[in-house]
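> Build the 3D model from these lines:
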Amino acid sequence: MSLHSDPRTWLPTARLVLVAPAPASLVPRWLFLRALGAIFFSAFYALHRQILGLVGSGGISSAARYLHAVEQLLPGVERFHLVPTIFWVGASDAALRALPLVGMAASLALTANLWPRGSLVVCETLFLSAIAVLQQFAAYQSDGMLLEAGFVAIFFAPPEATFRRRGSPSSCCAGSGSGSTSNRASSSSRAAIRSGGT
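A predicted model of the protein is given here:
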């Protein structure tokens, strides 16, 4: 198959695999989202190994005590704006352990191109929640850059995976497929009429 061949000639016969979308302009997006998923996975994996020692109940700076102090200083809704985290519901050690595990699962789903937009929302929410309670341990520029990249990516990530099934035309070539089918049907009808007339 030529590298310069029309994608419409080979995409309809592709196997059920994770492939880049047909338009060449969308290939960078596909690659970027797979790489972003891998970066999120590395971040959550590091959290999984360190979070209890940093902000656990017996850690260096307990997240539960930190959130209690913030609540005492800001009893209103302002605390949710200054410390946006799901750990307001509870910052137990079990919750701290669960967050990176769920984050790793969501980042693997993003890397595997499974519901990219939903996976990104989960990764972004969980990572922001972790950064908010890590306090001085999250004062790195890379953490902020990852949050920014994930937030922007939500708006252009596809809502579902870009699967291609064998024999199932993609949306970009559905019109051409239906046109060729109708042309074959018309040719068959004309041939039948000619044979009947003779």
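> pLDDT weak spots in the chain?
Applying pLDDT under 70 to the chain flags residues 1-25, 161-198.
> Strands along that one, start to end?
17-18, 163-164 (DSSP state E).
> domain ranges for the chain?
20-163, 170-198 (automatic domain parsing).
> any chance of those in JSON lines, plus mean neighbour count?
C-betas here are computed from N, CA, C, even on glycine. Formatted as JSON lines, the domains of the chain follow (neighbours: other CB atoms under 10 Å):
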{"stretch": "domain 20-163", "mean neighbour count": "17"}
{"stretch": "domain 170-198", "mean neighbour count": "11"}
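> Against which helices or strands is the longest helix seen in the chain packed?
Looking across the chain with DSSP state H, the single longest helix is helix 27-55. Counting contacts by 3 or more CB pairs under 8 Å, 6 or more residues apart in numbering; DSSP states H and E, helix 27-55 packs against helix 93-111, helix 116-134, helix 141-156.
> if you set the cut-off to 6 Å instead, what comes out?
Contacting helix 27-55 under the criterion 3 or more CB pairs under 6 Å, 6 or more residues apart in numbering; DSSP states H and E are the following elements: helix 93-111, helix 116-134.
> which one of the ones you listed lies closest to residue 87?
helix 116-134 (5.4 Å; CB to CB).
> Quick check: residue 72 vs residue 111, distance?
41 Å (CB to CB, to the nearest Å).
> go on, residue 85?
Applying CB to CB to residue 85 and residue 111 gives a distance of 25 Å.
> For residue 104, list the residues it contacts.
Taking CB atoms under 6 Å, 6 or more residues apart in numbering, we find residue 104 in contact with 41, 44.
> try it again with 10 Å
Contacts for residue 104 were tallied using CB atoms under 10 Å, 6 or more residues apart in numbering; they are 40-45, 47-48, 123, 126.
> Could you dump those residues into a markdown table with distance to residue 103 added?
Shown next, in a markdown table, are the contacts of residue 104 (distance: CB to CB, whole Å):
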| residue | distance to residue 103 |
| --- | --- |
| 40 | 7 |
| 41 | 8 |
| 42 | 11 |
| 43 | 8 |
| 44 | 4 |
| 45 | 9 |
| 47 | 7 |
| 48 | 8 |
| 123 | 6 |
| 126 | 4 |
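> Return the member of these nearest to residue 145.
For the contacts of residue 104, the nearest to residue 145 is residue 43 (11.1 Å; CB to CB).
> in terms of contact, does the closest one touch residue 124 like I think?
No: taking contacts as CB atoms under 10 Å, residue 43 lies outside contact range of residue 124: 11.4 Å.
> Need the overlap of contacts for these two.
103, 146, 150.
> would you turn those residues into TSV with distance to residue 63?
As requested, the shared contacts of residue 43 and residue 124 are exported to TSV (distance: CB to CB, whole Å):
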residue	distance to residue 63
103	16
146	20
150	21
